[in-house]
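Peer 1: Next one to model:
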Amino acid sequence: MPTDANTALRAREFALVKGYVTRLFDPARPALHGPLHWRRVNKFGRRLAVHTGADVAVVCLFAWFHDAYREDDGDDPDHGRRAAMAVDALHGDLFHLSTDALEKLRYACAYHADGYVSSDATIGTCWDADRLDLGRVDIVPAPEFMSTAAARRITELNLPRGATRGSAAQFMGGLRKRRPTE
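Peer 2: The predicted model follows:
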């Protein structure tokens with residue numbers, strides 16, 4: 001299949017996933033972990049992937065799935081594992097990935113809130129993209145909780161405590177000054 005057709009197919013799959021998980025979200029509840037957060041994680045992940053070599057399809061799917069199965073914005077330690085189960089259930093219907101990419105997406109979703117870092121570029125990029133949006137809850141992301149050099153560079157800019165929603169987005173520009181091979 002030509003590249004343009006692959007791109008069109010992938011865009012259609014992302015639109016299906018985005019629409020599906022967005023419909024799951026209850027707009028009546030607070031949205032710390034809702035669609036606006038998913039959109040920012042997608043944006044951060046795509047930008048990081050240029051520098052980390054991560055699988056962009058996995059990163060984008062992670063952005064939309066990782067918090068979609070939360071029961072609320074409070075303590076919900078199993079939400080990532082529920083997201084991983086949903087990935088399994090929906091793979092083949094809403095989206096298609098290779099076996100290796102599917103395993104990375106499952107793992108990234110299941111363990112994203114457990115405080116781990118990963119040496120795998122794709123899993124690390126997923127987790128870093130999520131953590132770079134901690135400013136929405138007034139938490140400044142710390143370099144030691146970042147998996148990739150690109151995300152550590154952002155966090156080492158010493159964002160002030162009480163960072164705003166846009167803080168990480170404002171500093172994403174620092175990545176453009178680095179070579180993608182770093």
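Peer 1: Enumerate the positions of stretch 32-42 that are buried.
Peer 2: Within stretch 32-42, the residues that count as buried by 16 or more other CB atoms under 10 Å are 33, 34, 35, 37, 38, 40, 41, 42. The way it works is simple: take the backbone N, C-alpha and C, and place the C-beta from them, glycine included.
Peer 1: err, stretch 133-151, not the other one
Peer 2: Within stretch 133-151, the residues that qualify as buried are 133, 134, 135, 136, 141, 145, 146, 147, 148, 150, 151, counting by 16+ other CB under 10 Å.
Peer 1: pretty sure the last one is in a strand, no?
Peer 2: No: Residue 151 is assigned helix when assessed by DSSP: H, G, I helix; E, B strand; the rest coil, not a strand.
Peer 1: hang on, isn't residue 33 packed against residue 69?
Peer 2: No: counting by CB atoms under 8 Å, residue 33 sits too far from residue 69 to count as a contact (10.0 Å).
Peer 1: what's residue 36 in contact with, if anything?
Peer 2: Not one residue lies near residue 36 by CB atoms under 8 Å, 6 or more residues apart in numbering.
Peer 1: That one and residue 77, how far apart?
Peer 2: Per CB to CB, to the nearest Å, residue 36 is found 23 Å from residue 77.
Peer 1: Which of the helices or strands spans the residue nearest the centre of the chain?
Peer 2: The centre of the chain sits closest to residue 63, judged by CA atoms, centre = their mean, with a distance of 3.6 Å. Per DSSP states H and E: residue 63 is located in helix 56-65.
Peer 1: With that, I have no additional questions.
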